[in-house]
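Undergrad: Sharing a model prediction with you, sequence too.
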Amino acid sequence: MVQFTIGQLISVIALFLAFSQLTKPIIRFKISAAKINLKFLFSLFVLAIICVFVASLLPSIPVPVLPHLSYSILLEFSAGVLFVVPAIRLIIAVSKSPVFTRRKSKAYLNACTALIARGNDDDLRKLADEISVSVKSIFEECKSYDSFEARRAKERGEVYQVHESTKIAFTILDLWSDKFFCKNIVCKSPATAIEIFDQLISNQEFERAGYALSQQLINQAFVNRESILMREEDYSGLGFFKPFRNTVYGNWRFIESNYRPLQAWQYYNENVEAWQVKKHCECLETSFNAYFKAKDYWQYPSALYVGLRNVSMEIRHFINEFSVF
């Protein structure tokens, strides 16, 4: 007796085709980043379809067959397994955010590249949420690159071997510095932005990874009025906690590092507004408080000097624009 009819099979095929056609880009990102071999899964589906057809034909075959092949229920059970196992694998992949690992590093890079290259704001907003769980593992992978050993190997005329996944981790951080993607991070996914700066601050010993990313994130935070930084107004909502401002400008080692957050806003490329200058002054004040708290008085605080100079230039730039009108 056939338990899995041809009509039911056609319904399953129709559902599968509808799923493949209606899959959103962010779902395709999850599948690609999870390094799922869709061709292999499709071949299992095809094999399951063949099993159902054979099971439906076996009862009408007049010639004798081997006993274990004469039971259509066995083929139907096999078809069910071939359908269910890949389906569960896909469900697990699309129900959670993919995590960067060495084994899946290239797949993760390709998946991010495909989505960022599209430039769709809705897709970039969703991607900004998805990458949060991988930020730490990517920075940890970057830490495996030893700049001191690389320099010593170069002096000795030797080749310093760098793991392929480490190169990919650095490439991903550079890829994330796309200005449209950074805009969505600071405006739509502030938790991801704070996680990135947390990792930048805790991994300062090499100060190589994520420089372009940090600069673009801060620049977009100043350019866009709806960013997490601009929404941190005193005595209002996020302003009571100031998570972004305190994270970026509340650590003196980070302020004085090569990342130089006080210099990241490219005000000379934009029309300077009063609210931007005001916010930069607030960030500068937070930086001064971090300096006094750290009591790092033995060296010249060049980051603060440049920050003060930039604020004066911004004010002058704003006055010049205002005088035109």
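TA: Sure, I can see it.

Undergrad: contacts, neighbours, all on C-alpha from now
TA: OK.

Undergrad: Look up how far residue 229 lies from residue 118.
TA: 26 Å (C-alpha to C-alpha, to the nearest Å).

Undergrad: Of those two, which one has the most company?
TA: Neighbour totals were compared for residue 118 and residue 229, and residue 229 leads with 27 against 11 (other C-alpha atoms under 10 Å).

Undergrad: Go ahead and confirm residue 173 touches residue 208.
TA: No - between residue 173 and residue 208 there is no contact under C-alpha atoms under 8 Å: 10.6 Å.

Undergrad: Between these two, which has more neighbouring residues?
TA: Using other C-alpha under 10 Å as the criterion, residue 173 and residue 208 rank with residue 173 on top: 22 against 17.

Undergrad: for the stretch 51-200 of the chain, which spans come out with low pLDDT?
TA: 56-72 (pLDDT under 70).

Undergrad: sec struct for residue 82, please.
TA: helix (DSSP: H, G, I helix; E, B strand; the rest coil).

Undergrad: Number of residues surrounding it?
TA: Around residue 82 there are 20 other residues, counting by other C-alpha under 10 Å.

Undergrad: OK, contacts around it?
TA: 44, 45, 47, 48 (C-alpha atoms under 8 Å, 6 or more residues apart in numbering).

Undergrad: Identify the residues contacting stretch 179-187?
TA: Stretch 179-187 is contacted from outside by 116, 119, 121, 124-125, 128-129, 176, 192-193, 213, 216-217, 220-221, 224, 226-229, using C-alpha under 8 Å, 6+ apart.

Undergrad: Make a PyMOL selection of whichever of those turn out to be buried.
TA: To isolate the buried ones among the contacts of stretch 179-187 in PyMOL, judged by 16 or more other C-alpha atoms under 10 Å, type:
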select buried, resi 116+124+125+128+129+176+192+193+213+216+217+220+221+227+228+229
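
Undergrad: these two touch, right, residue 76 and residue 53?
TA: No - Residue 76 is not in contact with residue 53 according to C-alpha under 8 Å; the separation is 9.2 Å.

Undergrad: In terms of helices and strands, where is the closest residue to residue 308 other than its chain neighbours?
TA: If the residues on either side of it in the chain are set aside, residue 308 comes closest to residue 284, at 7.6 Å by C-alpha to C-alpha, 6 or more residues apart in numbering. Under DSSP states H and E, the secondary-structure element containing residue 284 is helix 274-294.

Undergrad: Now do the buried residues in the helix or strand following that helix.
TA: Note on helix 274-294: by DSSP H and E, the next helix or strand toward the C-terminus is helix 302-324. Neighbour-count burial for helix 302-324, counted by 16+ other C-alpha under 10 Å, picks out 303, 304, 307, 308, 310, 311, 314, 315, 317, 318.
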